[in-house]
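>>> After the sequence you'll find the predicted model.
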Amino acid sequence: MCGIIGYTGKRNAAKIIFQGLKRLEYRGYDSCGLALVEKGKIILNKQAGPIAKLEPFIAGQKVFFSTGIGHTRWATHGLANRINAHPHFDCQKKIALAHNGIIENYFTLKKELIKKGHSFRSQTDSEVVAHLVEEFFRQTKDLEGAFQKAITKLQGSFAFVLISVYAPGKIFIARKDSPLIVGLGEEENFVASDIPAFLPFTHRVVYLEEGESGVIDAKKIRFFGRRRRLRSETVSFRSIDAVKGRWRHFMLKEIYEQPEVIERISSFYVKGKKIHFPQLGISQSFLKKVKKIYIVACGTAYHAGLAAKYLKEGLSQIPLEVEVSSEFRYRQIKFSSHDLVISISQSGETADTLAAVRLAKVSGVKTITICNVMGSSLVRESDGFINTLAGPEVGVASTKAYTAQLACLFLFFLYFSSLRQETVSVQRQKFIKEFQQIPRLQREFLRLNFIKIKRLAKAFSKYGCFLFLGRGINYPLALEGALKLKEISYIPAEGYPAGEMKHGPIALIDEYKGVVCIITQGRLYEKMFSNLEEIKSRQGKILALATQGDRTIKNLTPAVIFLPSLQEYLSIFFSAIALQLFAYFVAYNLGRSIDKPRNLAKSVTVE
Ligand code: F6R
């Protein structure tokens with residue numbers, strides 16, 4: 001939610017910030033802006049709309065600036081227009097600030113500052129911070145002190161970058177409940193809300209700890225308050241991973257990366273006949289004693305969690321509750337010391353999931369995160385970590401991170417059940433062998449079905465509303481299929497367990513409604529078939545995802561995508577791809593902004 005960046009050093013700050021913002025645009029794309037400081041002056045350029053709008057300013061920029069900050073916005077307070085775009089000035093235009101998060105007490109602060117003579121230009125909560133720093137600076141002429149004092153007055157969540165004519169060459173930084181990472185260079189330093197922003201220039205990073213603030217210049221980084229040893233880490237993301245290359249959209253590129261991701265997961269976590277999790281951070285003796293597992297997550301990651309319920313069924317008897325983080329965090333659960341909370345998150349920064357994990361931690365419960373971003377808040381705050389190894393996911397609609405989450409959950413429950421002796425070695429070997437076939441079969445599936453799915457999506461994109469149906473493990477897949485479609489095509493779509501049809505949703509069905517059903521060979525096949533007969537008799541337009549070799553399905557509908565004939569629980573790795581591609585092509589036919597759907601952002605760092 002909002003991307004912020006700062007640069008100070010030997011290069012042209014305007015260009016670095018512009019490029020960095022382009023790599024952060026998935027975090028928000030309502031408006032953008034940058035501020036540059038040099039020789040007693042701050043130059044500001046802000047635009048409503050995408051980062052590309054800054055291009056003329058960058059191209060026309062003749063003066064060299066060594067220091068600057070930039071912002072790409074996902075609006076919370078105030079319209080997505082130019083005035084509300086960041087960075088924000090103080091009254092004198094001597095201080096500029098970009099913010100990610102929400103200042104919950106901004107209204108009170110703003111009223112007090114107005115009384116003291118400050119005048120505001122925007123409707124944002126963020127602008128108040130620039131004025132607050134100005135106010136304290138006015139009193140003390142100490143910018144560092146003013147910045148630190150301003151922070152103590154704020155409630156809510158924030159990551160800031162602030163520059164000023166009073167301290168050229170410096171960027172003041174702070175974080176609370178929003179991520180901020182410093183990138184260390186030679187004679188230059190970077191700061192951003194996510195690593196890809198500066199990945200082409202450095203892989204050496206320092207993560208700001210929760211509640212930390214400080215200042216950077218081209219040579220050093222210094223934290224305020226308590227002394228801490230500066231520990232830099234080297235990140236392994238290849239910058240190429242975050243580039244679209246020959247692909248039309250990141251989403252399509254990321255859909256196609258799924259076989260490679262599963263391969264990576266398999267070779268990292270499966271060694272010979274054994275599964276191991278090197279960063280699990282939780283002892284085997286504790287795992288053997290766990291009495292209950294809670295999975296917490298949001299959106300697509302929550303759907304992966306729901307699938308885990310079914311994935312673990314044949315493996316472990318452990319009671320498992322799966323809940324959306326925004327509900328879980330406000331529940332009054334009586335945890336036991338033998339409970340385990342597993343969070344699932346692509347970004348590792350989702351505010352509600354982070355809060356759910358913190359709730360578990362203060363209750364003394366052990367936590368593991370299944371996460372895609374090393375060094376993210378969730379990884380740093382959880383006891384254990386299972387890296388989903390999907391590589392940077394840029395498309396706002398989650399695809400490869402989702403199947404990576406499914407794969408990690410599957411391997412985790414296989415590992416967990418083996419520790420607790422709930423499965424036997426022969427059974428596990430069989431599962432592992434089958435799992436290792438997935439990448440090859442996914443590649444084949446993509447090769448055989450790409451054109452077909454494109455054609456079917458074109459035919460179905462005329463329908464104004466969709467139901468996605470499944471039973472058993474296909475039910476959470478139906479939820480995910482509906483979410484993918486609605487978020488990138490804006491067509492209303494709902495996922496349901498097929499058995500629930502008659503309890504309401506069937507009222508929607510007529511010849512103008514699309515029904516996507518996942519009907520794989522398994523013990524609920526016949527039940528599912530009867531549900532589809534009911535839809536057919538009401539003229540709903542059915543698209544079926546069925547198992548290769550199913551001859552009866554054609555009696556129901558000519559629109560069928562065949563999934564490889566495998567154990568039903570493994571079919572999710574193919575139906576996921578089919579549903580993602582279907583949503584992609586429907587959105588494509590409707591001319592939607594696929595990688596940056598309206599009103600969304602990749603990383604949801606506010607409640
Ligand atoms: C949908 C999507 C979102 C995220 C959700 C959680 O395609 O991407 O629903 O899954 O916002 O985000 P993470 O996984 O970063 O916690």
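Yep, that arrived.
>>> which helices and strands sit right next to the helix or strand containing residue 495?
Using DSSP states H and E, residue 495 falls within strand 493-497. If you count contacts as 3 or more C-beta pairs under 8 Å, 6 or more residues apart in numbering; DSSP states H and E, strand 493-497 packs onto strand 465-470, helix 474-489. Placement of C-beta: from N, CA and C, glycine included.
>>> tell me the angle of the last one relative to strand 493-497?
Pointing back at helix 474-489 there. Here helix 474-489 runs at an angle of 180 degrees relative to strand 493-497 (axes from the mean of the first three to the mean of the last three C-alpha atoms, to 10 degrees).
>>> Restrict helix 474-489 to CA atoms and write it as CSV.
Below are the C-alpha coordinates for helix 474-489, written out as CSV (Å, rounded to 0.1, in the frame of the first residue of the first chain):
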residue,chain,number,x,y,z
ASN,A,474,-12.1,-27.9,-5.3
TYR,A,475,-14.3,-25.6,-3.1
PRO,A,476,-11.4,-23.4,-2.0
LEU,A,477,-10.2,-23.5,-5.6
ALA,A,478,-13.6,-22.2,-6.6
LEU,A,479,-13.3,-19.3,-4.1
GLU,A,480,-9.9,-18.5,-5.6
GLY,A,481,-11.1,-18.7,-9.2
ALA,A,482,-13.9,-16.2,-8.4
LEU,A,483,-11.5,-13.9,-6.6
LYS,A,484,-9.1,-13.9,-9.6
LEU,A,485,-11.9,-13.2,-12.0
LYS,A,486,-13.5,-10.4,-10.0
GLU,A,487,-10.3,-8.6,-9.1
ILE,A,488,-9.0,-8.3,-12.6
SER,A,489,-12.1,-8.3,-14.8
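>>> Give the other helices and strands that it contacts.
So helix 474-489, by 3+ C-beta pairs under 8 Å, 6+ apart, packs with helix 299-311, strand 465-470, strand 493-497, strand 513-519, helix 572-589.
>>> which one of the ones you listed lies closest to residue 244?
Each of the helices and strands packed on helix 474-489 was scored for nearness to residue 244 using C-beta to C-beta, and the closest is helix 572-589 (14.2 Å).
>>> Quote the end-to-end distance of stretch 71-91.
Criterion C-alpha to C-alpha, to the nearest Å; first-to-last residue distance in stretch 71-91 is 20 Å.
>>> buried ones in that stretch?
For stretch 71-91, a neighbour-count test (16 or more other C-beta atoms under 10 Å) marks 71-78, 80-82, 84-91 as buried.
>>> wait, which of the helices and strands packed on helix 474-489 is closest to the ligand?
helix 299-311 (1.9 Å; C-beta to the nearest ligand atom).
>>> Now do the contacts for residue 561.
By C-beta atoms under 8 Å, 6 or more residues apart in numbering, the contact list for residue 561 reads 449, 452-453, 456, 543-546, 578.
>>> thinking again about what came up before, now tabulate the helices and strands packed on helix 474-489 in JSON lines and tack on mean neighbour count.
Output for the helices and strands packed on helix 474-489, formatted as JSON lines (neighbours: other C-beta atoms under 10 Å):
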{"stretch": "helix 299-311", "mean neighbour count": "24"}
{"stretch": "strand 465-470", "mean neighbour count": "26"}
{"stretch": "strand 493-497", "mean neighbour count": "21"}
{"stretch": "strand 513-519", "mean neighbour count": "27"}
{"stretch": "helix 572-589", "mean neighbour count": "25"}
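>>> Redo those as TSV? Include mean pLDDT.
Formatted as TSV, these follow (pLDDT from 0 to 100):
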stretch	mean pLDDT
helix 299-311	97
strand 465-470	97
strand 493-497	97
strand 513-519	97
helix 572-589	98
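>>> Throw these into a markdown table and include distance to residue 244, thanks.
Formatted as a markdown table, the helices and strands packed on helix 474-489 follow (distance: least, C-beta to C-beta, whole Å):
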| stretch | distance to residue 244 |
| --- | --- |
| helix 299-311 | 21 |
| strand 465-470 | 28 |
| strand 493-497 | 26 |
| strand 513-519 | 28 |
| helix 572-589 | 14 |
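>>> Give me the number of neighbouring residues for residue 447.
Look at residue 447: counted by other C-beta atoms under 10 Å, it has 9 neighbours.
>>> err, residue 534, not the other one
For residue 534, using other C-beta under 10 Å, the count is 14.
>>> Please compute how far stretch 93-109 lies from its chain's middle.
24 Å (C-alpha atoms, centre = their mean, to the nearest Å).
>>> how about low-confidence regions in the chain?
For the chain, applying pLDDT under 70 flags the ranges 227, 237-242.
>>> for it, longest helix please?
The residue-count maximum for a helix in the chain (DSSP state H) belongs to helix 438-460.
>>> Could you list the buried residues of that one?
By 16+ other C-beta under 10 Å, the buried positions in helix 438-460 come out as 438-439, 441-442, 445-446, 449-450, 453, 456-457, 460.
>>> quick one on the thing from earlier: closest to the ligand out of the helices and strands packed on strand 493-497?
With C-beta to the nearest ligand atom, the closest approach to the ligand among the helices and strands packed on strand 493-497 belongs to helix 474-489: 5.6 Å.
>>> Name the residues of stretch 259-270 that are buried.
By neighbour count with 16+ other C-beta under 10 Å, stretch 259-270 contains the buried residues 259-266, 269-270.
>>> Filter those residues down to just the ones in helices.
Short answer: the buried residues of stretch 259-270 in helices (DSSP H) are 259-266, 269.
>>> Between the residues you listed, which sits nearest residue 222?
residue 264 (37.7 Å).
>>> Quick check: chain neighbours aside, which residue is closest to the closest one?
Of all residues not flanking residue 264 in the chain, residue 389 sits nearest, at 4.8 Å (C-beta to C-beta, 6 or more residues apart in numbering).
>>> what's the answer for residue 94, then?
residue 165 is the one closest to residue 94 (C-beta to C-beta, 6+ apart), at 4.8 Å.
>>> who's in contact with that neighbour?
Residue 165 is in contact with 37, 40-42, 94-95, counting by C-beta under 8 Å, 6+ apart.
>>> Now do the helices in the stretch 51-200 of the chain.
Taking DSSP state H, counting those that start in this stretch as the test, the helices found in the stretch 51-200 of the chain are 55-59, 106-115, 127-140, 143-152.
>>> which of the residues in the third one are buried?
If I follow you right, that is helix 127-140. 127-137.
>>> now swap in the last one and tell me
Along helix 143-152, the positions that meet the burial threshold by neighbour count (16+ other C-beta under 10 Å) are 143-144, 146-151.
>>> Up against the ligand, what does the stretch 401-550 of the chain have?
Residues of the stretch 401-550 of the chain lying close to the ligand by C-beta under 6 Å from any ligand atom are 483, 487.
>>> what do you get for the chain?
By C-beta under 6 Å from any ligand atom, the residues of the chain that approach the ligand are 298-301, 345-347, 350, 353, 397-398, 483, 487, 603-604.
>>> out of these, which are buried?
Judged by 16+ other C-beta under 10 Å, buried ones among the residues of the chain next to the ligand: 298-301, 345-347, 350, 353, 397-398, 483, 487, 603-604.
>>> Strands along the stretch 151-300 of the chain, start to end?
For the stretch 151-300 of the chain, the strands defined by DSSP state E, counting those that start in this stretch occupy 156-164, 171-176, 181-184, 188-192, 204-207, 213-216, 221-223, 233-234, 270-271, 274-275, 292-297.
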